[in-house]
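Undergrad: Turn this into a model:
(one chain, ligands or ions: 1)
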Amino acid sequence: MNARVLVLTGAGVSAESGIPTFRGEDGYWRNLDPAKLATPEAFAKDPGLVWEWYRERRQRIRNAQPNPAHKAIAKLAQHAQEFLLVTQNVDDLHARAGSPKGKMVQIHGDIFVTRCSRCDFSRHDYQHESEDIDVPRCPRCEELMRPGVVWFGEQLPCEELRRVENYLEDGPCDFVIVAGTTATFGYIIDWALRAIASDGELVEVNPEETPLSQSATQRVREPAALALPRIVDELVISRSSKL
Ligand code: OAD
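TA: Numbering: from 1, shown residues only. The predicted structure is shown next:
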């Protein structure tokens, strides 16, 4: 398929796999707002509570399955001549649906990574995580370990940021799909608009209006698992026939 594509996803894409979004009603955990739990301040105040929330989320993600939205994006990655997926999701559902690591950037980190809050020690805790330990300590420096995700107010990871910038600098995109995100962060809006440049298509898949809606050339007000398989099939067929 002769196209250069950028896909930006958020929590709404995993909603139909049973992973609560951040800002929806079901995002609350024990009456606590995730926007207040996912912060360095919350961790400093009560690391045990923050870890408990993340452990529950890890468990929920382990038990979840990729949905047709994740699979459609993996299919697009396979067919598009040039492709990058930038996800704000820290779950592994895009990867399990088949999106290749080399064409995916997890800009807010990976929930299964546990890293030291002081030194650069980190490990991947998918299977063997010490679920029984309230707050794990770094085996190297004894400092508290934290989940390998980006919290509110923290810098985006340099390497991931560089990969997004490189892709944008390499040229404009024919298609940008923004799915399941409130697009509250300025950088998500900026990347989408830079990628379409002057004449790319911007497809928004979200049951609700977002700050990007007014710039979208196509607004699809449907759940991602319903809309994305159809959008991807249409795109693959129409762009392949133009070759
Ligand atoms: P949000 O929870 O803010 O927004 C979810 C979006 O998905 C909303 O716009 C919903 O309308 C939409 N939505 C819900 N169900 C959907 C469905 N089935 N199909 C399509 N869209 C659906 O999640 P994000 O925008 O991803 O960051 O949030 C961005 C970041 O804020 C997260 O990565 C996290 C959070 O705080 C950090 O922790 C740094």
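Undergrad: The ligand contacts on this structure?
TA: Residues of the chain lying near the ligand by Cβ under 6 Å from any ligand atom: 10-12, 15-16, 21-24, 27, 35, 38, 88, 108, 150-152, 179-182, 205-208, 210, 223-224. For glycine as for every other residue, the C-beta is placed from the backbone atoms N, C-alpha and C.
Undergrad: Okay, and which of those residues map to helices?
TA: Judged by DSSP state H, the subset of the residues of the chain next to the ligand located in helices is 12, 15, 35, 224.
Undergrad: if we can go back for a sec, please produce a PyMOL select command covering the buried subset of the residues of the chain next to the ligand.
TA: Buried members of the residues of the chain next to the ligand, defined by 16 or more other Cβ atoms under 10 Å, are picked up in PyMOL with:
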select buried, resi 10+11+12+15+16+21+22+27+38+88+108+150+151+179+180+181+182+205+206+210+223+224
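Undergrad: Inside strands: which ones of the residues of the chain next to the ligand?
TA: Counted as lying in strands by DSSP state E, out of those, are 179, 205.
Undergrad: What number of residues are in the vicinity of Glu222?
TA: Other residues near Glu222 number 13, with proximity taken as other Cβ atoms under 10 Å.
Undergrad: wait, what's in contact with it?
TA: 205, 207 (Cβ atoms under 8 Å, 6 or more residues apart in numbering).
Undergrad: Give me the local confidence score for it.
TA: Per-residue pLDDT puts Glu222 at 98.
Undergrad: what's the closest of the ones in helices among the residues of the chain next to the ligand to the ligand?
TA: Of all those, Gly12 has the smallest distance to the ligand: 2.4 Å, by Cβ to the nearest ligand atom.
Undergrad: Does the closest one touch Ile19 like I think?
TA: No: counting by Cβ atoms under 8 Å, Ile19 is not a contact partner of Gly12; they are 9.9 Å apart.
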